[in-house]
Structures are given as structure tokens and as C-alpha cells.
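Undergrad: Need a 3D model of the following:
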Amino acid sequence: VQLVESGGGSVQPGESLRLSCTASLVTLDYYAIGWFRQAPGREREGVACISAHGEGAYYKDSVKGRFTISRHNANKTAFLQMDNMKPEDAGVYFCALEMLVGVCQTDDLSRYDYWGQGTQVTVAS
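TA: Take a look at the predicted model:
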């Protein structure tokens with residue numbers, strides 16, 4: 001299984017980015033997808049997740065109303081649309097898969113089976 005993130009970059013506060021996660025050698029129908037981020041000197045934290053068939057999603061409080069997670073199982077892709085970005089959104093963003101059918105979660109990172117290498121996001125004036 002391989003996950004590849006893309007779409008990171010440098011933006012100014014208030015601007016937008018759309019991250020993509022492309023999977024290979026896996027059938028996404030059995031996996032919840034999570035997006036996580038890690039800022040320098042901080043622990044990796046969950047940002048959002050989406051259930052296996054997109055029927056439910058969860059967002060970290062600080063990104064609610066600004067970020068939108070989506071997925072397209074047939075194309076083996078997932079997305080994180082990030083709008084009205086803030087400096088505290090900066091970090092390396094990772095996508096990950098958890099074999100789970102049901103409500104997704106991002107509290108327990110150890111339950112995620114596969115991880116991408118990450119894509120850097122910078123938010124600065």
C-alpha cells in the first residue's frame with residue numbers, strides 16, 4: 001500500500017490550499033481516511049477524517065467551517081480543502097488509512113495502518 005500526498009505549499013493567511021492523497025495497491029472501500037498534521041516540535045495531531053464510504057466526517061474544532069474532507073474511492077483519492085488558512089495551520093500534513101467501517105476517529109493514531117510521507121504547508125504573511 002502506498003499513499004502519496006500532494007498540494008502543499010506556501011500561502012498567506014486567508015488563502016486556500018487543496019491537499020490530495022492518492023492511494024495505490026489498496027481498496028479504499030474498507031478504510032477510513034484521516035488527515036493529520038505535525039508542526040515543528042509538536043506531536044502529530046488529527047485534523048479531519050472521513051468514514052469508508054463518506055457517510056460521516058469529523059473535524060478538529062479549530063478547523064471546523066474552514067476545512068472540508070472528501071474522498072473518491074473509485075479514483076483512490078482523498079482531499080482536504082483548506083480555506084481561510086491561519087498561521088497555526090502550518091505543518092507537515094499526512095494522510096492515513098484505518099481499516100474501519102463505521103465512525104472514523106483521529107484520537108488514536110496507532111489505529112491507522114498506512115501513512116503517507118507528508119506534504120509541507122506554510123502559512124505566513
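
Undergrad: CA only for contacts and neighbour counts going forward, please
TA: Noted.

Undergrad: Against residue 124, how distant is residue 22?
TA: Going from residue 22 to residue 124 by Cα to Cα, to the nearest Å gives 27 Å.

Undergrad: The two: who's more crowded?
TA: residue 22 (18 against 15; other Cα atoms under 10 Å).

Undergrad: how would you label the spatially most central residue of the chain: helix, strand or coil?
TA: Nearest to the geometric centre of the chain sits residue 35, at 2.0 Å (Cα atoms, centre = their mean). Judged by DSSP: H, G, I helix; E, B strand; the rest coil, the three-state class of residue 35 is strand.

Undergrad: What of residue 4?
TA: On the three-state scheme (three-state DSSP), residue 4 is labelled strand.

Undergrad: For it, give me its contacts.
TA: Residues in contact with residue 4 (Cα atoms under 8 Å, 6 or more residues apart in numbering) are 20, 21, 22, 23, 116, 117, 118.

Undergrad: same deal with residue 120?
TA: For residue 120, the contacting residues are 8, 9, 90, 91, 92, 93, by Cα under 8 Å, 6+ apart.

Undergrad: What of residue 122?
TA: For residue 122, the contact set (Cα under 8 Å, 6+ apart) comprises 9, 10, 11, 87, 89, 90, 91.

Undergrad: hmm, which of those residues are the buried ones?
TA: Among these, those scoring as buried are 11, 89, 90, 91 (criterion: 16 or more other Cα atoms under 10 Å).
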